[in-house]
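[1] dropping a prediction and its sequence here:
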Amino acid sequence: MPASASLSPSASTRRPALAPASAGEFLSFRLGAEEYGIDILRVQEIRSYEEPTRMANAAAFIKGVVNLRGVIVPVVDMRIKLGCEKVDYNDFTVVIVLSVFGRVVGMVVDSVCDVIALSQDHIKEAPQISSTQDASFITGIASVGERMLILADIEALIGSAEMGLTEASLSLQ
């Protein structure tokens with residue numbers, strides 16, 4: 001464990017705890033060496049990566065927008081959003097199209113792995129580790145064979161105030 005990580009939560013760096021992940025089906029995807037899982041019910045479709053149209057003054061992790069059958073969809077690069085190392089786009093790079101707070105959002109990931117059905121026995125509570133990166137979106141860790149799957153609440157991960165996708169910001173529109 002890095003010297004900067006601590007197992008004690010910091011009240012100033014953590015949001016209120018999310019509900020732990022519950023049993024169900026999860027879409028698993030990769031960002032670098034890590035594998036994440038999100039609720040399959042939030043996924044609308046998976047598309048090959050195409051360069052989005054850049055928006056002026058957008059946050060660095062917002063790659064731009066694409067036109068998806070007449071709907072303008074913001075596209076978020078998860079490697080940039082989560083502070084991962086170098087971002088490479090290749091033939092495996094995909095956009096997962098999601099429904100978050102009633103809006104459609106695209107999420108760029110390195111690759112999609114599969115759909116995994118998890119029982120409550122597979123899901124463990126995520127450790128409370130404080131760091132400079134916000135990890136409050138992690139709702140659990142699942143062991144699937146030899147793999148560790150980081151379970152994420154996609155609304156907490158994508159639905160941030162900086163994207164204008166929080167419930168509060170949507171009620172103002």
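    Yep, that arrived. Residues are numbered from 1 along each chain as shown.
[2] show me what the helix or strand hosting residue 104 pairs with in its sheet, parallel or antiparallel.
    Secondary-structure assignment from DSSP states H and E places residue 104 in strand 103-109. Strand 103-109 has the following sheet partners, assigned by DSSP bridges: strand 71-77 (parallel), strand 94-100 (antiparallel).
[3] could you list the residues in contact with whichever helix or strand comes after the first one?
    Right, strand 71-77. With elements assigned by DSSP H and E, the helix or strand that comes after strand 71-77 is helix 78-81. The contact list for helix 78-81, computed with Cβ atoms under 8 Å, 6 or more residues apart in numbering, reads 31-32, 60-61, 84-85, 87, 107-110, 157. Just so you know, the C-beta spots here come from the backbone N, C-alpha and C atoms, and that holds for glycine as well.
[4] which ChimeraX command selects the buried ones in these?
    A single ChimeraX command suffices to select whichever of the contacts of helix 78-81 are buried according to 16 or more other Cβ atoms under 10 Å:
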select :31,61,87,107,108,109,110,157
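[5] out of the contacts of helix 78-81, who's nearest residue 116?
    Checking the contacts of helix 78-81 against residue 116 by Cβ to Cβ gives residue 109 as the nearest, at 15.3 Å.
[6] what pLDDT does the model give the closest one?
    Reported pLDDT at residue 109 in the predicted model: 96.
[7] the residue nearest to it when sequence neighbours are not counted bridge partners, please.
    Nearest non-adjacent residue to residue 109, counting by Cβ to Cβ, 6 or more residues apart in numbering: residue 29, 4.3 Å away. Beta-bridge pairing for residue 29 (DSSP bridges): residue 36, residue 112.
[8] no further queries at this time; thank you.
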